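>>> build me a model from this:
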Amino acid sequence: MRLAVLILSLLPFAAFADQTGVTLGGLKADPEAAVEVTSDRLSINQKDGFAVFEGQVVVKQGTMKLTAAKIEVNYGADGKTIDKMVATGGVQLAAGTDAASADQATYAPGRSGLVMTGNVLLTQGGATIAGQKLDLDLKTGLGQMEGRVTTTFAPKAKGG
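As a prediction, this is how the structure comes out:
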């Protein structure tokens, strides 16, 4: 059970941006806020250093919400730090009016990187950026979208 509590306390989130400077500032989370994970099942293997949350997984921290069918957490050699976290199956990340979705997301805390792959879609208000791979540096908020990138900007309504 202690390992499950450790998992919950080590799931950080950060700001997102694409390389063109479009900031997705709404996808910020407070790293000091409590993390809550809800799932249908939790399997922990302390010997091999991993845990698996399965079935309608929901991770909440502050205003940030991540959902996926499954999240696998691999721990470092010390058994306390997270080496890698992989979310699969309809991955959705949202806060306020900003959101990102993909088939899979891999988070590597050691390099502060989040890589979303497969049908990636970022939305901010009326603007969207789509591609096949998004590589984000969560410390700097800089990222790069790859794979036939499509960007759509919604015009602002005329004031009246």
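>>> what lies in contact with stretch 45-53?
Residues from elsewhere that reach stretch 45-53 (C-beta atoms under 8 Å, 6 or more residues apart in numbering): 3-4, 7, 37, 39, 41-44, 70-77, 79, 83. No exception for glycine: its C-beta is placed from N, CA and C like everyone else's.
>>> touching, residue 74 and residue 85? I think so.
Yes - counting by C-beta atoms under 8 Å, residue 74 touches residue 85, with 7.4 Å between them.
>>> just give me the longest strand of the protein.
Criterion DSSP state E: the longest strand present in the chain is strand 82-95.
>>> for it, C-alpha coordinates in CSV please.
Provided in CSV are the C-alpha atoms of strand 82-95 (Å, rounded to 0.1, in the frame of the first residue of the first chain):
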residue,chain,number,x,y,z
ILE,A,82,9.7,7.0,-11.2
ASP,A,83,11.8,6.0,-14.2
LYS,A,84,8.9,6.0,-16.7
MET,A,85,5.1,6.2,-16.8
VAL,A,86,3.2,5.0,-19.8
ALA,A,87,-0.5,5.8,-20.4
THR,A,88,-2.4,3.9,-23.1
GLY,A,89,-5.9,3.7,-24.5
GLY,A,90,-7.6,6.9,-25.3
VAL,A,91,-5.3,9.2,-23.4
GLN,A,92,-6.9,12.6,-22.5
LEU,A,93,-5.1,15.4,-20.7
ALA,A,94,-7.2,18.5,-19.8
ALA,A,95,-7.3,21.7,-17.7
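>>> could you give the separation of the helix or strand following that strand from the chain centroid?
Once the chain leaves strand 82-95, the next helix or strand it forms, by DSSP states H and E, is strand 98-108. From the chain centre to the centre of strand 98-108 is a distance of 5 Å (C-alpha atoms, centre = their mean, to the nearest Å).
>>> out of residue 74 and residue 85, which sits in the busier spot?
Under the criterion of other C-beta atoms under 10 Å, the comparison of residue 74 against residue 85 puts residue 85 first, with 24 against 14.
>>> and the gap between the nearest residue to the more buried one once chain neighbours are set aside and residue 133?
Excluding the flanking residues, the one nearest residue 85 by C-beta to C-beta, 6 or more residues apart in numbering is residue 107, at 4.4 Å. According to C-beta to C-beta, to the nearest Å, residue 107 and residue 133 sit 15 Å apart.
>>> please apply the same query to residue 68.
From residue 68 to residue 133 the distance is 17 Å (C-beta to C-beta).
>>> same drill for those two, tell me which one is more crowded.
residue 68 (24 against 15).
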